[in-house]
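K.L.:
got a predicted structure here, sequence first:
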Amino acid sequence: MFSKEAKKTSAGRSPRELAWRRFKSNKVAIPSLVAVSIIIGAVVFAPQVCDLLGISPDIRDEASIDARGQVVGDWGGISAKHPLGVVPGIGYDVLARLLYGARISFLIALMATLASVGVGMLLGMLSGYFRGRVDGVIGRFTDFLLAFPSFFMILALSAPMIQRIEMSGIAHDNDARILYLITILAVFGWPYLSRIIRSQVLSLRERDFVLSARALGASNSRIIFKEILPNVWTPVIVYMSLTLPGYLTAEAVFSYLGIGVQPPTPTWGLMIADSTKFIINEPTYFFIPSLSLILVVLVFNLLGDALRDALDPKSEN
Amino acid sequence: MSEPLLEVTNLEKFFPVSGPGMFSRERGTNKAVNGLSFTLKQGETLGLVGESGCGKSTAGRTVLKLYDPTSGSIKFEGEEIADYSPRKMKPLRTQMQMIFQDPQASLNPRQTVGAIISASYEVHKIKPEGGVKTAVQDLLERVGLSAEHFDRYPHEFSGGQRQRIGIARALALKPKFIVCDEPVSALDVSIQAQVVNLLSDLRDDFGLSYLFIAHDLSVVQHIADRVAVMYLGKIMEIAPTSSIYTAPHHPYTKALLSAVPIPDPKLERKREQIVLSGELPSPMKPPTGCVFSTRCWKAQAKCFTEEPQLRKVESSEVACHFPE
């Protein structure tokens, strides 16, 4: 009935395809996506990458350090053999340890993100949709968690909680510490997303398409999961891409403070902690893990911004 | 037709209104629908008109039990549904549907047209003959869209096309009764006629009954068999369409009709317009006596104290002490 030809040109463009078009037209989006993919790829395939480069995280290269443990050569011993230098005093390859360390750091960050997003989404949708008493209970609970001195709690609880986990036999040693970090980060992380989702759902539930689903006789769970859920993915995806680097940093901070994974297993936090001992003699060893952390957080944040612009063109910042 | 399809008696829907501030208690009630009675026969269209804020949409939604009525009775095919729970209402949902005012807001932007329309089948676990996709595509063609629109998203359509999608969704379960809540007021005038014609064709084909809510009297004149005029949650006058436009009995109906512009400039200049003085009173504090008394030029002492009931004047029913 209306101009058929004009319609044809835009045929079959789903919201996803439109978002992808906007994403592609963003100058920062593609480079940051490429960078994130390379980083994730290198971390996931760390053993293969290390084999390819002929480096290893736990083989000492005696030739690279002298008798006093000083690195041979300038710039932290950067050479063809050790692309990012070697660890002073012991002779491990820095790049290999960065890649292997990132596996643990990324695992913690990813699992903590997924757990907090899962809980935050579910509780946010419930409190936004049902309002009233449900919202009251969940809302006060999020207030409580947000007002809580979480950083202090994570430090204070670490020893007893890790002991508990070990005693219960779920996990041991470093696994128990990883599990503790994931759990505690998620426990204090979900209220932020829950609030965002709640406010979104509060406005979505008043839209006519929800009323229309009700007029069809749809149940509450159908309305929540089929009508409302697809409309909250945008903030969730953006939130994830911004939370993940936050948790990476958090893992580094807690490892630095000694409650995360214990040496000699490498993580980024431990490497930074270790490198501070050599900051005068070998500043390169300090700057490489620190700059890596900054770089990774930066590209994830840029990707998150680009995703938000693509998925939600109406929001300006 | 012995039994009316829908019989609404003394329907009331009050909304609690809380005052400003965090700790204030409930302060009053908004009497959006305040004692509404009407009947609707099978295959009939009742137009429900009135200015904005008079409770038309609330009335439509309450009749469908999307809002729980405060009191009153709603009989659908003789079955009293006013106090039915959502669970008990579910089978009846296949019989009564709704078309919304804003086709932009009433279609989920994240679902394809196919998913939107087939939701009805999923919810009621109905397997139409020939499969869901065929059934949906038939519906799309019936409302003037094409079968290939199945996988498109709502944002790819114009306002009129979106409203057709909304109509297809309402028709999917082959209901007997549809509440049309200002189905054309968000559309361009040129598209309005197409959609109104589509609605009246569908009514004839499927034997539908409409409760047609609108503020545009000329649209209602085109489609309705009878018209009910609402003011402040109450019906002022119900009359057959033919007589209400030529011989309105209630002063409010008269004022409302006089506000309709005439497309002929010569006649338009001569048109006598009744301009009501004052504001629409707050539905939280409706006037005592006749609700229209505060703005009526004919009001007398009796109008301020005694509430007029609907009574027969010629072919109309009028709630006025001094009908024309």
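P.N.:
Now that the structure is in, tell me what you want to look at. Numbering: from 1, shown residues only, chains lettered A, B, ... in the order given.
K.L.:
contact residues of chain B facing chain A?
P.N.:
Neighbours of chain A within chain B, by Cβ under 8 Å from any Cβ of the partner chain: B:61, B:64, B:66, B:86, B:89-91, B:93-94, B:96-98, B:100-102, B:105-112, B:119-120, B:123-124, B:144, B:151-153, B:155-156, B:158, B:160-161, B:166, B:169, B:173, B:194. No exception for glycine: its C-beta is placed from N, CA and C like everyone else's.
K.L.:
rerun at 7 Å
P.N.:
B:64, B:66, B:89-90, B:93, B:97-98, B:100, B:102, B:105-110, B:119-120, B:123-124, B:144, B:151-153, B:156, B:158, B:161 (Cβ under 7 Å from any Cβ of the partner chain).
K.L.:
are any of these buried, and which?
P.N.:
B:64, B:66, B:89-90, B:93, B:97-98, B:100, B:102, B:105-108, B:110, B:119-120, B:123-124, B:144, B:152-153, B:156, B:158, B:161 (16 or more other Cβ atoms under 10 Å in any protein chain shown).
K.L.:
start to end distance for stretch B:306-313?
P.N.:
19 Å (Cα to Cα, to the nearest Å).
K.L.:
how about the strands in the stretch 151-300 of chain B?
P.N.:
For the stretch 151-300 of chain B, the strands defined by DSSP state E, counting those that start in this stretch occupy B:177-181, B:209-214, B:226-231, B:234-240.
K.L.:
a markdown table for those, including mean pLDDT and mean neighbour count?
P.N.:
Shown next, in a markdown table, are those (pLDDT from 0 to 100; neighbours: other Cβ atoms under 10 Å in any protein chain shown):
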| stretch | mean pLDDT | mean neighbour count |
| --- | --- | --- |
| strand B:177-181 | 93 | 26 |
| strand B:209-214 | 93 | 26 |
| strand B:226-231 | 92 | 26 |
| strand B:234-240 | 92 | 23 |
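K.L.:
and the top strand by length along chain B, what does it pack onto?
P.N.:
Counting residues, the longest strand found in chain B (DSSP state E) is strand B:26-40. Strand B:26-40 is packed against strand B:6-18, helix B:56-63, strand B:234-240, with contacts defined by 3 or more Cβ pairs under 7 Å, 6 or more residues apart in numbering or on different chains; DSSP states H and E.
K.L.:
would you mind pulling the contact partners of the last one?
P.N.:
Under the criterion Cβ atoms under 7 Å, 6 or more residues apart in numbering or on different chains, residues B:34-36, B:38, B:225-230, B:244, B:248-250, B:252-253, B:291-292, B:310, B:315-319 lie in contact with strand B:234-240.
K.L.:
do the same with stretch B:10-17
P.N.:
With Cβ under 7 Å, 6+ apart as the criterion, stretch B:10-17 contacts B:26-37, B:58, B:62, B:67, B:69-74, B:284.
K.L.:
quick check on these: which are buried?
P.N.:
Buried among the contacts of stretch B:10-17 (16+ other Cβ under 10 Å): B:29-37, B:58, B:62, B:67, B:69-70, B:72, B:74.
K.L.:
which one among those residues gets closest to residue B:216?
P.N.:
residue B:58 (18.7 Å; Cβ to Cβ).
K.L.:
which stretches of the stretch 201-317 of chain A have low pLDDT?
P.N.:
Confidence mapping of the stretch 201-317 of chain A against pLDDT under 70 gives the ranges A:313-317.
K.L.:
ok, which residues in it are in contact with chain B?
P.N.:
Contacts of the stretch 201-317 of chain A with chain B, taken as Cβ under 7 Å from any Cβ, map to A:207-209, A:211-218, A:222, A:227, A:230-231.
K.L.:
returning to that earlier point: residue A:36: which of the strands of the stretch 151-300 of chain B is closest?
P.N.:
Among the strands of the stretch 151-300 of chain B, the nearest to residue A:36 by Cβ to Cβ is strand B:177-181 (47.2 Å).
K.L.:
for the closest one, packing partners?
P.N.:
Using 3+ Cβ pairs under 7 Å, 6+ apart, the elements in contact with strand B:177-181 are helix B:56-63, strand B:96-99, strand B:209-214.
K.L.:
okay, those in JSON lines with distance to residue A:42 next?
P.N.:
Formatted as JSON lines, the helices and strands packed on strand B:177-181 follow (distance: least, Cβ to Cβ, whole Å):
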{"stretch": "helix B:56-63", "distance to residue A:42": "57"}
{"stretch": "strand B:96-99", "distance to residue A:42": "55"}
{"stretch": "strand B:209-214", "distance to residue A:42": "62"}
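K.L.:
out of the ones you listed, which is closest to residue B:301?
P.N.:
Residue B:301 lies closest to helix B:56-63 among these, at 30.5 Å (Cβ to Cβ).
K.L.:
which residues in chain A form helices?
P.N.:
With DSSP state H as the criterion, chain A has helices at A:4-9, A:15-25, A:29-44, A:46-53, A:94-130, A:132-147, A:150-168, A:173-204, A:208-215, A:220-222, A:229-256, A:268-275, A:283-311.
K.L.:
and the third one, what's buried?
P.N.:
Spelled out, it's helix A:29-44. For helix A:29-44, a neighbour-count test (16+ other Cβ under 10 Å) marks A:29, A:32-33, A:35-36, A:39, A:42-43 as buried.
K.L.:
can you report how many residues lie near the residue lying closest to residue B:33 once chain neighbours are set aside?
P.N.:
Nearest residue to residue B:33, sequence neighbours excluded (Cβ to Cβ, 6 or more residues apart in numbering or on different chains): residue B:13, at 4.1 Å. Around residue B:13 there are 24 other residues, counting by other Cβ atoms under 10 Å in any protein chain shown.
K.L.:
distance-wise, check residue B:13 relative to residue B:100.
P.N.:
18 Å (Cβ to Cβ, to the nearest Å).
K.L.:
residue A:250 too?
P.N.:
Taking Cβ to Cβ as the measure, residue A:250 falls 46 Å from residue B:100.
K.L.:
do residue B:260 as well
P.N.:
With the distance defined as Cβ to Cβ, residue B:260 ends up 24 Å from residue B:100.
K.L.:
and residue A:169, by the same measure?
P.N.:
Going from residue A:169 to residue B:100 by Cβ to Cβ gives 57 Å.
K.L.:
so which residue is dead centre in the chain?
P.N.:
Assuming you mean chain A. Closest to where the C-alpha atoms of chain A average out (Cα atoms, centre = their mean) is residue A:244, at 1.6 Å.
K.L.:
that answer is for a different chain, and I need it for chain B
P.N.:
residue B:213 (2.6 Å).
K.L.:
correct me if wrong: that one contacts residue B:60.
P.N.:
Yes: if you go by Cβ atoms under 7 Å, residue B:213 and residue B:60 touch, sitting 5.1 Å apart.
K.L.:
mutual contacts of those two, please.
P.N.:
The contact sets of residue B:213 and residue B:60 overlap at residue B:181 (Cβ under 7 Å, 6+ apart).
K.L.:
what about the helices in the stretch 151-300 of chain B?
P.N.:
Ranges of helices in the stretch 151-300 of chain B, per DSSP state H, counting those that start in this stretch, are B:159-171, B:189-206, B:217-223, B:241-246, B:251-258, B:265-270.
K.L.:
hmm, who's touching the fourth one?
P.N.:
Read it as helix B:241-246. By Cβ under 7 Å, 6+ apart, the residues outside helix B:241-246 that reach it are B:221, B:224-227, B:237, B:253, B:257, B:315-316.
K.L.:
likewise the last one?
P.N.:
Residues lying outside helix B:265-270 but in contact with it, judged by Cβ under 7 Å, 6+ apart, are B:261-262.
K.L.:
need the contact list for residue B:278.
P.N.:
Residue B:278 neighbours (Cβ under 7 Å, 6+ apart): B:294-295.
K.L.:
cool, residue B:48 as well?
P.N.:
B:56, B:59, B:211-213, B:228, B:230.
K.L.:
kindly report the same for residue B:247.
P.N.:
Taking Cβ under 7 Å, 6+ apart, one finds nothing in contact with residue B:247.
K.L.:
quick one: it from residue B:236, how far?
P.N.:
Distance, residue B:247 to residue B:236, by Cβ to Cβ: 15 Å.
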